[in-house]
Structures are given as C-alpha cells and as structure tokens.
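Asker: This is a predicted model, with the sequence first.
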Amino acid sequence: MTLTSLDLKAVGPRIRMMMPHLTPLEAKVVETVFGRRGFDETIPLKQIAEEAGVSEAMVVKIAKKLGFSGYRDFRTAVYEYSRLPTAEMHQELSVDDSSAEIVQKVFRTSIQALEETLAILDMDDFDRAADLLYRARNRDFYGVGGSAQIARDVSHKFLRIGIRASVYDDSHMMLMSASLLGADDIAVGFSHSGNTSAVIDAIHLARKSGARTLAITNYDNSPLAAVADIVLCSTAQGSPLM
C-alpha cells in the first residue's frame, strides 16, 4: 500500500477493515498510533514500540500485515490521513452532549462515511452489481436486525424506480428463498460485520443454487465477502445512530 496508489481518504477505512484480523496485541499497537495526539512523520519507531509495549520488530510486522511496505510507509500514510478534515469527523455520542453537539456528530459521521466509502469503492464492481441487479429476474435481499432495515430501505428505493425486490429477515425464510433461486436471479446479503451466520448461509446456498450473489458489508475480508461473487464495502463505523 503506497500513497501513490491509494486515495488518502481510504487509508483509515482500509486499516479499520483489517482490524478484525489482528490479534489483541496487534490491534493495541494500531490503536496507540491512531489515538496518539501530535502524531507526525518524525515519530521514531522506537517511541511507538515503547508506548504500545511491544518490540520494534512487532510494529514493523503489523505495518506489513496492514499492507504497507514498512513502518515509514505506514507512518507517512497515517500522518497524511490524520490531516484530512474527514479523519476527525467521527465522534461517539455522549450523555453530556448538547442537542447541537449531537446533531453535529451525526451529520459529520454521515459525511465521513460517504466520503470514505467513495474513496474505497471499486467502480468496476459497482457497475457489475448494478448490471446484475437490473437484469435479474428475482432480487432477494437478506439481512438481520439493523441490516434488515437497510435492505428494506434499498427495496423501497428500487420499487420507486419500478424494480421489485424481496426482503427476508428470518433465517428459515432466507434459506427457502435461496434454494429457489437460479442463474437469472441475484441474492444480496447485508451485514455490517460480515459475520451474520444466517445471511452467510443464505448467500452460500443461493450461490450453490446458481444465483449470482452480492455482499454489502464493512469488511472485505469477512466470511460473507468470501461467499459472494461481488463485494461492495461501506466505511460506516457502527455508531449507535448510524
């Protein structure tokens, strides 16, 4: 991963996508870097290692695991990303927040999610997904909890432009739906974590039945992404209201 090959806005979300694949100790190092005030391009490797309580070799290993060539590449990317206005937009809500602060946080989190999602969006995959959705005979959407609500919203938007889609949020109904799909159909799984077993099982069965499959998730290395033909990722950070 280099700054010449990657939009700076994608640095933060790309690293967040990798967090579930890090050990607790590795995650602590990344959190130390991102949580440090005054982080810049002059911070030596030794200092980060000491603050995180790990060896210098461990920091370099983590940087490479995240896709960087080494610590310097990682340090430069994080520093440049931290200077972007969007990097500081997301803030968790607090019981002490005023109404104005709550509104600002919600709006800023939305702006950050949209801008960073645009930065990581693969337009070729987007075009493929749009074409499959348009041409499909049946469009079955699967989601649980909050993801089901997103699936319903997408279905509603589609209906407004004359495209029908069915939404299933019950695990048994998902499997029944998936078993009846064929080569002219598409199944879409919605899951923020990409770990929702009911959705994963349904997408897997739909693919086995011959349908094309699409995953909408925050993590491109998740189990859901692994069983889908196409993966479209968002960068929303899972805030309670977003």
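Answerer: That came in fine, so what should we check first?
Asker: tell me the mean pLDDT for stretch 12-28?
Answerer: Taken as a whole, stretch 12-28 has a mean pLDDT of 87.
Asker: Tell me where the model's unsure across this structure.
Answerer: Residue ranges of the chain with pLDDT under 70: 1-6, 85-93, 237-242.
Asker: Look through this structure and tell me its longest helix.
Answerer: helix 99-120 (DSSP state H).
Asker: Can I get that helix in PDB? Just the C-alpha atoms.
Answerer: Only the C-alpha atoms of helix 99-120 are listed here, as PDB (Å, rounded to 0.1, in the frame of the first residue of the first chain):
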ATOM      1  CA  SER A  99     -28.500  18.900  21.200                       C
ATOM      2  CA  ALA A 100     -26.300  20.900  18.900                       C
ATOM      3  CA  GLU A 101     -23.300  18.600  19.500                       C
ATOM      4  CA  ILE A 102     -25.400  15.500  18.900                       C
ATOM      5  CA  VAL A 103     -26.700  16.900  15.600                       C
ATOM      6  CA  GLN A 104     -23.200  17.900  14.500                       C
ATOM      7  CA  LYS A 105     -21.800  14.500  15.400                       C
ATOM      8  CA  VAL A 106     -24.500  12.600  13.500                       C
ATOM      9  CA  PHE A 107     -24.000  14.800  10.400                       C
ATOM     10  CA  ARG A 108     -20.200  14.600  10.500                       C
ATOM     11  CA  THR A 109     -20.200  10.900  10.900                       C
ATOM     12  CA  SER A 110     -22.500  10.600   7.900                       C
ATOM     13  CA  ILE A 111     -20.300  12.900   5.800                       C
ATOM     14  CA  GLN A 112     -17.200  10.800   6.800                       C
ATOM     15  CA  ALA A 113     -18.900   7.500   5.900                       C
ATOM     16  CA  LEU A 114     -20.000   8.800   2.500                       C
ATOM     17  CA  GLU A 115     -16.600  10.400   1.600                       C
ATOM     18  CA  GLU A 116     -14.500   7.400   2.700                       C
ATOM     19  CA  THR A 117     -16.900   4.900   1.100                       C
ATOM     20  CA  LEU A 118     -16.400   6.800  -2.200                       C
ATOM     21  CA  ALA A 119     -12.600   6.500  -1.700                       C
ATOM     22  CA  ILE A 120     -12.600   2.700  -1.400                       C
END
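Asker: Distance of the residue in the chain sticking out farthest from the centre relative to residue 110?
Answerer: Residue distances from the centre of the chain (Cα atoms, centre = their mean) peak at residue 46, which lies 31.3 Å from the mean C-alpha position. Separation of residue 46 from residue 110 (Cβ to Cβ, to the nearest Å) stands at 39 Å. Every residue, glycine included, has its C-beta placed from N, CA and C.
Asker: which of the residues in the longest helix of the chain are buried?
Answerer: Across helix 99-120, burial judged by 16 or more other Cβ atoms under 10 Å covers 105, 108-110, 112-113, 115-117, 119-120.
Asker: With stretch 163-177 instead?
Answerer: Those would be 165, 167-169, 171, 173-175, 177, for stretch 163-177 by 16+ other Cβ under 10 Å.
Asker: Among the residues you listed, which are located in strands?
Answerer: When DSSP state E defines the strands, the subset of these inside them is 167-168.
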